[in-house]
Structures are given as C-alpha cells and as structure tokens.
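Chemist: coords please:
(2 chains)
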Amino acid sequence: MRCERCGALIGNSYVRFNGTLLCDNCARDLKIDEIFRRQNSMLEQSFPSLSEIPSVFSLGSELDFANAKIRCPRCGMTLKDIDSSGQLGCIECYNTFNETILKNILKRQGSSEYLGRKPGKAAETTSNVTEPVPGQIPDAPAAKDVSAKTPAQAAGEEKPQKVQPDAAQDDKAILDRLRKADLGTVPDDVLEDGMKRAAAAEDYDLAARLRDELKSRKEG
Amino acid sequence: MWYENEGRNTDVVLSTKVIINRNIKGFPFPPKMSDADRENVMGMARQAAGSMGLNFVRTDELDDNAKKDLYDQFFSGYAFLNSNAKTGYLLGKTEGLGVIINSTDHLSIISMVPGNDAALAYKRADDLAAKFEQCMDIAFSDRFGFLTSQIKTVGTGVQIMATLALPGIEKTQGAVQVLGQRAEKYDWQMIPMTRPDGIRENGIYILSNLATLGLTEQELIDRAAKVIDDIIKLEDSCRKNICTKKKAVIEDQYYRAYAVLKYCRRIEVPEVLTLVNWLRLGQKYIDTSDADIDFKTINKLTQKVRRNYDDYARKGARKRDASAERAALVRDIMRGGDRT
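Modeler: Just a heads-up that it's a prediction; the model follows:
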C-alpha cells in the first residue's frame, strides 16, 4: 500500500480518512492524527469541540477531487465518471484533469516520470533468465525466439554444417546446468535425457551421478 | 493451442501474457467512441495490418466456432465476444499473438506464451506495437508516455500477467501473504483467479505489474523475471516440504485424484481444479510410477477445463449435459487424447 498523498510505501501504521489512505507523516502534516489522538481526552470532556468539525470536512475535500464540476471540453467526461470507471474519455482528458491524474498515478505507482521508449522503435530488451530454476533444464524449442533467426534460416535454408555446433552447444549448456543443479529437484525424464547426453559427451562422472539419482528414486 | 507447446517452468507458470495498449490520435477512447469512430479505427488498423501479415476479422461477423476458438485461446472474455460493440481482431500465423481493436483501447496488442518467458512475450508484442506506431499517429506525450484510456496503464502501456499454479504455496500457512508482500516490493500484485461466474479457481493466481511509469521496458521485464523466479523457488520449496513431511497423505491424494480424473463420468470445474492441484503438488516429489501422467498433460487439463466456451454458450437442456461432456474431455486428456 502507498500513501495517497505522498506516494510513500505504508508500513503497519496508517490512517484512513474520508476514504483516503495516509501515511503517518502526511496524517501528521494535515493534523488529522491529532483528531484521533484527542479522542481519549474528548471522552473526558462533556462535549466535543464543535469547531473541529468544519476543518475536518475541508481537509477531506482538499484530498479528494479538486472540483467535481470540471468537464472535459472534448468528450464531456467528469471527474466523477473517471473516479467510478477508472477510464478517461479522450486524450484531452489528460490536460483537463492533469492534477487528478497525477495524484492517481502517484497513489498507484509512486512515480509519474516516463522512462519508457519513444514511439516507432521497439525497445531493445534482453532476457536476464539465463540460469533455469532447478528442475527445468532445457529451453524448449517453442520458447526460443524465432525472430532471432536470419531470413535465410527462417526460410529453411540453414546449412547442415551449422546445425552441429549449435546442437553441441545446446548439449554443453544442458550438461552445465545439470552439473550445477540440485539433482534431487530434477524430474526423472530430464535426468534420463541428461544421462544420455552426458554419456554421448563422454562425461562419465555426470552420467554416473544422474544414473545413481535415478536408481535411488526407483529403489526409494 | 499455443499453451500446449513446451515452455520454461510450466510446472508452476502456466502462461505469460503481455498486453500493449495503444491509441490513435484524433479519436476518443473506446468508452466514448461513436459507431462511426469505431468503424474508422477498425479501417485504419486493418489497413496498417495489411503489411504485417495479420488478417482482420470483425467480432460481429464471427460464428460460434470462431468465437469459441478465440475464447479458448484466452484472447477475449465471453461477454466481449458477444457484445454488439463494433470491435475486431487482427490475427496472424503466430499462435498466441494478436490485436484486439476497440476493446479498452483502440489497439490492445496481446502476446501469450506458455510457461515463464515475459521477455519473449514482450518482444513479440513490442515488435508489432512499433510497426503500428510507424504507420499511425499514436497518442503519446513526453510527460506521460503512451496515453491510454485507463490511468493505471498510462506510460509504457504495458501489462505483464503470469498465470501461476501454486498448490504448494496455497497449502503452506502464511505463504500466500508472504508472497503478496514480496510481489508488492517490486510494484507487482498477486491475486487469486476467479471465474466470471464467481467461482474461485483453487491454486491458480495471477501476477501482474502495477507500475507503467518510473521504469523502462527493460526494467519491467527484469522485475518480471525476478518476481516470477522468486515465486517458482518458493513454490518448489513448499511442494518439496509438503511432499516430504506428508508423504503418505500426498501419495494417497495424488492417486485418488488420478483415478477420479481418469474414470469420472460427471464432474464440475472446481472439482477438476482441486484434483489437478493434488497431481501438480505430488508430480515431482512422490513416487508416481503407478500413474501415467506428466506435467504437459496436467497443464493441458488445467487450461482446457478452465477455459471452455461451451460452459457459457450452452443453453437449456444442453447445459445439463455439461458435466458429462466435461468428464469425457477430462478422461480423454488423461488418456493422452484430445477431443478438441
């Protein structure tokens, strides 16, 4: 949860006032916490102080939407419509309700700064998932990025000589992962597949470890 | 179906879905669009998609089979497919990749992959989004980024959602809360999956990003990988722990679930999902040598039963046959067949 006023993460202590969630600091700034703190002393008085009530209402409206009567000149949306649906009517709404939108963004995300890409050029993203979680060894063919292929490869013109090193590299990567993995968490079929690959690659130590793991499962 | 393909960590992550929302300048957002605006946007999208190898289909011209196909592939909800609003789809040869026109935004580019691969799902969607941006005047501001109809998606306009099967975490006291807090740290949220008819899907959760501002696309992908990896590790530990400490109970439940699913004659969705949870929980850590089933079959069973257009489309007498037809589908999948 985040404070709807300053956007800070809220811990165990917070104040919900007129439906607005506030952190301790903001509640203190707005002197809302005093109202709650004074409750004990109020019980000791014969009547609560009436002068506090108008200030409570004014604080509430200051935190809520600034002016519910504003309408978007292009699509006619009001703040009430946006509040109830969470949707804007048109691009102009972003100008008309700028402050409210910023407040909403801050409440939800804690930042309103745009750091993404510009239109027209795909983001150059890379996957950081290099080490698989134990138990999931090879990347499946379907999960590989087909867009990384050259047009010639995509058209099926890949030369046979090129396939062999790739396959060998795949084997090496799989065997490396198996060496590092906690074998107790690796499924049987992956162990069996790994055992065949290790034997073919003449890595007899690993093949024996995999065989022993499989054997112990069958016996146990 | 795209979700039947191999994927990474499919024992925990059923699928990863990326939606990129874009709007065309000069038109109101879909909630305020007139029919003429909707037709214009569909026309523009169709024209732009011509060079991208995507085919245009209007929702109001889809027959029941086509609707079923789109629904079962997780592209749209039943209500959207059967509404009278002027909406459409752009679909190509790549399974799980498409564009919905005039849904919440003018263009919602959807990319779905089996298992845990937010980077691949994002790349596919983003490549398509960039192509649309090159040939259309897309709503963008330097301050807010891509302008979307929903305030929650303004900025990158990117929503990443992972569908997770977490029977281990769900059965471990306090683990769901810990995980929820962990996800919140990265500005993600995890919510239990609920069907449109209000039924909770036991053990299934949706993890989605909250932040679309204050971070780059790469940071978003990195956070997705980090959060999902944490969940996979926790789920794996929970499953191992439960199966070790309650071995006899889990084995008993596993084989009971296996037998019921294999021989049932009438069955409801919640029961299937509950039984599938036992299979998923025990599959890796107990002796399953007497059962002929793997995670691929378990996932197929989960997805096909969760997502069945006929559950909603059946009317009158046919509705009463639903549980028998579902049982037949379940038996068939358990035997390695596929009726669909």
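
Chemist: how about low-confidence regions in the chain?
Modeler: Here I'm looking at chain A. Low-confidence segments of chain A (pLDDT under 70): A:4-5, A:12, A:17-20, A:30-68, A:110, A:127-169, A:182, A:184-185, A:219-220.

Chemist: Chain B was what I was after
Modeler: B:315-320, B:337-340.

Chemist: Tell me where it has helices.
Modeler: Per DSSP state H, chain B carries helices over the ranges B:35-49, B:64-72, B:78-81, B:118-135, B:167-170, B:175-185, B:217-245, B:247-263, B:269-282, B:295-306, B:310-313, B:317-320, B:322-334.

Chemist: buried ones in the first one?
Modeler: When you say that, I think you mean helix B:35-49. Residues of helix B:35-49 classed as buried by neighbour count (16 or more other C-beta atoms under 10 Å in any protein chain shown): B:Asp37, B:Arg38, B:Val41, B:Met42, B:Met44, B:Ala45, B:Arg46, B:Ala48, B:Ala49. No exception for glycine: its C-beta is placed from N, CA and C like everyone else's.

Chemist: Apart from its neighbours in sequence, what residue is nearest the residue in the stretch 101-250 of chain B positioned nearest to chain A?
Modeler: Among residues of the stretch 101-250 of chain B, the one nearest chain A by C-beta to the nearest C-beta turns out to be B:Gly214. It sits 2.7 Å away. For B:Gly214, ignoring the flanking residues on the chain, the nearest one in space by C-beta to C-beta, 6 or more residues apart in numbering or on different chains is A:Ser111 at 2.7 Å.

Chemist: What residues does the one you found make contact with?
Modeler: Contact partners of A:Ser111, counting by C-beta atoms under 8 Å, 6 or more residues apart in numbering or on different chains, are A:Gly7, A:Ile105, B:Ala211, B:Leu213, B:Gly214, B:Leu215.

Chemist: Can you name the helix or strand that it falls in?
Modeler: With the criterion set as DSSP states H and E, no secondary-structure element contains A:Ser111; it sits in neither a helix nor a strand.

Chemist: Redo the helices of chain B as TSV? Include distance to chain A.
Modeler: As requested, the helices of chain B are exported to TSV (distance: least, C-beta to the nearest C-beta, whole Å):
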stretch	distance to chain A
helix B:35-49	10
helix B:64-72	18
helix B:78-81	15
helix B:118-135	3
helix B:167-170	13
helix B:175-185	8
helix B:217-245	4
helix B:247-263	11
helix B:269-282	12
helix B:295-306	8
helix B:310-313	24
helix B:317-320	32
helix B:322-334	18
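
Chemist: Just give the number of residues close to residue 75.
Modeler: Using chain A. Around A:Cys75 sit 19 other residues, with neighbours defined as other C-beta atoms under 10 Å in any protein chain shown.

Chemist: Sorry, I should have been clearer: chain B.
Modeler: Every residue meeting other C-beta under 10 Å relative to B:Phe75 is counted, giving 20.

Chemist: wait, it sits on B:Ile110?
Modeler: Yes: using C-beta atoms under 8 Å, B:Phe75 is in contact with B:Ile110, at 6.3 Å.

Chemist: which residues are in contact with both of those two?
Modeler: Listed as contacting both B:Phe75 and B:Ile110 by C-beta under 8 Å, 6+ apart are B:Gly98, B:Ile100.

Chemist: Test of understanding: give the bridge partners of B:Ile160.
Modeler: Beta-bridge partners for B:Ile160, by DSSP bridges, are B:Val18.

Chemist: List the contacts of it.
Modeler: By C-beta under 8 Å, 6+ apart, the contact list for B:Ile160 reads B:Thr16, B:Lys17, B:Val18, B:Ala118, B:Ala121, B:Tyr122, B:Ser208, B:Asn209, B:Leu220, B:Ile221, B:Ala224.

Chemist: Quick one: distance of stretch B:267-283 to the chain centre.
Modeler: 18 Å (C-alpha atoms, centre = their mean, to the nearest Å).

Chemist: tell me which residues in it are buried?
Modeler: Taking 16+ other C-beta under 10 Å as the neighbour-count basis, stretch B:267-283 is seen to contain the buried residues B:267, B:269, B:271-283.

Chemist: repeat for stretch B:4-13
Modeler: B:Asn5, B:Gly7, B:Arg8, B:Asn9, B:Thr10, B:Asp11, B:Val12, B:Val13.

Chemist: residues near the residue nearest to B:Val276 when sequence neighbours are not counted, how many?
Modeler: Take B:Val276 and drop its neighbours on the chain: the residue closest to it by C-beta to C-beta, 6+ apart is B:Thr302, 5.3 Å away. Neighbourhood size, B:Thr302 [other C-beta under 10 Å]: 24.
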